[in-house]
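>>> give me a 3D structure for the following:
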Amino acid sequence: MAQQGKRLADIYKGLDREQVHALEAAIALVKANAKAKFDETIEISMNLGIDPRHADQMVRGVVGLPNGTGKISRVGVFARGAKAEEALAAGADVVGADDLAEKVQAGQIDFDRCIATPDMMGLVGRLGKILGPRGLMPNPRLGTVTMDVKGAVTAAKAGQVEFRAEKAGIVHAGIGKASFEEAKLLENARAFIDAIQRAKPTGAKGTYVKKVAVSSSMGPGVKVDVASLSQAG
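Numbering: from 1, shown residues only. The predicted model follows:
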């Protein structure tokens, strides 16, 4: 831990944390400083001028990152019969109905994305208190309650990320790994920013995108010049 603290101190020493950078420069800086012994996740966070407690100011959705996230998602699917077979064929990691619900209730949650066919929602709805807080509750608006099981599983495996504004109006997501080329991280960042801009709710008043920062798992945040995001549209 002491070595890790020294490494971070060295990075902070050479970084003006108040300086803002164009998106491309911010990503380059964060990538250059991602020197942990593992492949760090590069994350973008956006502070929005919204109050998510109001339904007309909620920002939520999904976006497919063109270059994936660098993380292999484990996908769980609630389905029966032919749709269960379709899910398995598409690469789902865990598929079931009542048996899967029992596992979830027992705390065995072996997936980080969850999909369900519409007929399963009566069963899945009873798991809301377990799946909801983990951000795993299937939702028609996010394409995770669907008869197109194959499409949903494929998208989840291909680097689709869900986003949801937190209480303070902050939305964030991993946009790749430090090992990614800068151009691919930039492309992913622009896809995410574009999705957030398109998701602007009707109730949002005043400045929508207030602050943006890019960081790595173990590194400091680098501020992004919001004006530079106009290139992201």
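>>> only C-alpha atoms from now on, for both contacts and neighbour counts.
Fine.
>>> past the helix or strand bottoming out on mean pLDDT in the chain, which element shows up next along the chain?
One helix or strand of the chain scores below all others by mean pLDDT, DSSP states H and E: helix 2-13, with a mean of 53. Downstream of helix 2-13, the first helix or strand assigned by DSSP states H and E is strand 20-21.
>>> parallel or antiparallel, which strands does that following strand pair with?
strand 222-224 (parallel) (DSSP bridges).
>>> from the chain's centre, how far out does the partner strand sit?
Averaging C-alpha positions (CA atoms, centre = their mean, to the nearest Å) puts strand 222-224 19 Å from its chain's average.
>>> got the contact list for the residue nearest to V212 when sequence neighbours are not counted?
Counting by CA to CA, 6 or more residues apart in numbering, V212 lies nearest to M46, which is 4.5 Å off, once chain neighbours are set aside. M46 makes contact with I170, V171, H172, V209, K210, K211, V212, A213, according to CA atoms under 8 Å, 6 or more residues apart in numbering.
>>> which secondary structure element contains the fifth one?
Secondary structure assignment for K210, by DSSP H and E: strand 209-216.
>>> report the buried residues of that strand.
Residues of strand 209-216 classed as buried: V209, V212, A213, V214, S215, S216 (neighbour count, 16 or more other CA atoms under 10 Å).
>>> next one: that strand to chain centre, how far?
14 Å.
>>> repeat for stretch 132-148
Its chain's average C-alpha position is 14 Å from that of stretch 132-148, according to CA atoms, centre = their mean.
>>> how long is that stretch end to end?
Start-to-end span of stretch 132-148 (CA to CA, to the nearest Å) is 22 Å.
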